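J.: can't give you the sequence, but here's the structure:
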């Protein structure tokens, strides 16, 4: 095991004295853009302050414990939960823990607690996406929280230390977009967005299949420190380049690839995975990564949680007539989710599609 750990560290990008990935402050715009375009991802620190991170984590536990129940239809019936934040023995499905935990995702629960909206409306986050996407006209995507549970020497209320190997995440390295459509420039059908019967879950997947946008940037906000062993983000740096994707597509026929919903999965024995690196980050840091970059969460092998909020912005479609009906239904849903006082802010209204940005 120690040899494996040494090999992982040997392949790791530059780490600081505390073992966290190299990061940049928001005012280092040239370095952020350079690193992102070369490697396909970048870590920007201090997007959110630690008290705000802690408040968000507390709200997530309130949701898990059934103390905070969002509008009907947004998530599971939290009233049936017997989860207790300080009792690891209750952190499983038999006590009401959400589905998809094995993938590091908190079920189909839309992040809709008050802090989640404050985090989305953070001007630093908007400024970061504006920098990388090169436009001020941005929509905010609605997404989920992510939790990876600890698996080793997990402390119980009575002082016992218990291992939970069955709680390890296992989702393969993957792309969330169809790289075959991207490489072959196949027309995307995802512009035929639903105009009626729009559900909350549709908000989770919007924009996932639009492979021909100039750039799709996914994002992860770390709400706790995530060490080299806590189950955080991993990727293959530089694999977002067209030349490397074309080479992969030419040697891996589409019919040979496994799929999970819209994701394209990479076989665990594929030699390209030799280039995988782990990206440990501090609380309040934000990881931006190109959707063309193969990625996943690495398994937890520690006594600590990994807790994050998935977030991203994408170019506004307010003036695109093909989206007018969709936007109308989308706004109707968002009015039920966003605290009404926040909708008095013109910035908030614009990034959620209630009104257009000024010319």
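T.: Yep, that arrived. This is a predicted model, so every value here is computed, not measured. Numbers count the residues shown, from 1 in each chain.
J.: C-alpha from now on. contacts and neighbour counts both.
T.: OK.
J.: And the helices in this protein, which stretches?
T.: Applying DSSP state H to the chain gives helices spanning 2-11, 29-39, 50-64, 114-120, 123-133, 179-184, 200-205, 242-251, 324-337, 346-351.
J.: Distance to residue 282, mean neighbour count and mean pLDDT added to those helices, as a markdown table?
T.: Output for the helices of the chain, formatted as a markdown table (distance: least, CA to CA, whole Å; neighbours: other CA atoms under 10 Å; pLDDT from 0 to 100):
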| stretch | distance to residue 282 | mean neighbour count | mean pLDDT |
| --- | --- | --- | --- |
| helix 2-11 | 17 | 11 | 56 |
| helix 29-39 | 17 | 16 | 97 |
| helix 50-64 | 10 | 19 | 95 |
| helix 114-120 | 16 | 19 | 96 |
| helix 123-133 | 16 | 17 | 97 |
| helix 179-184 | 31 | 18 | 87 |
| helix 200-205 | 26 | 16 | 77 |
| helix 242-251 | 30 | 13 | 95 |
| helix 324-337 | 29 | 16 | 87 |
| helix 346-351 | 27 | 18 | 96 |
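J.: could I get those as CSV with distance to residue 289?
T.: CSV is the format used below for the helices of the chain (distance: least, CA to CA, whole Å):
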stretch, distance to residue 289
helix 2-11, 19
helix 29-39, 7
helix 50-64, 21
helix 114-120, 17
helix 123-133, 10
helix 179-184, 15
helix 200-205, 17
helix 242-251, 15
helix 324-337, 26
helix 346-351, 20
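J.: right, and those - which one's nearest residue 92?
T.: helix 50-64 (10.8 Å; CA to CA).
J.: Next, the distance between the ends of stretch 263-270.
T.: 17 Å (CA to CA, to the nearest Å).
J.: And it, what's buried?
T.: Within stretch 263-270, the residues scored as buried using 16 or more other CA atoms under 10 Å are 263, 264, 265, 266.
J.: Tell me what the first one is bridged to.
T.: In this case it means residue 263. Beta-bridge partners recorded for residue 263 (DSSP bridges): residue 260.
J.: Now for it: which residues touch it?
T.: Applying CA atoms under 8 Å, 6 or more residues apart in numbering to residue 263 gives the contacts 174, 175, 176, 177, 178.
J.: Quickly name whichever of these is closest to residue 64.
T.: Checking the contacts of residue 263 against residue 64 by CA to CA gives residue 176 as the nearest, at 26.6 Å.
J.: Can you tell me how far that closest one is from residue 112?
T.: 23 Å.
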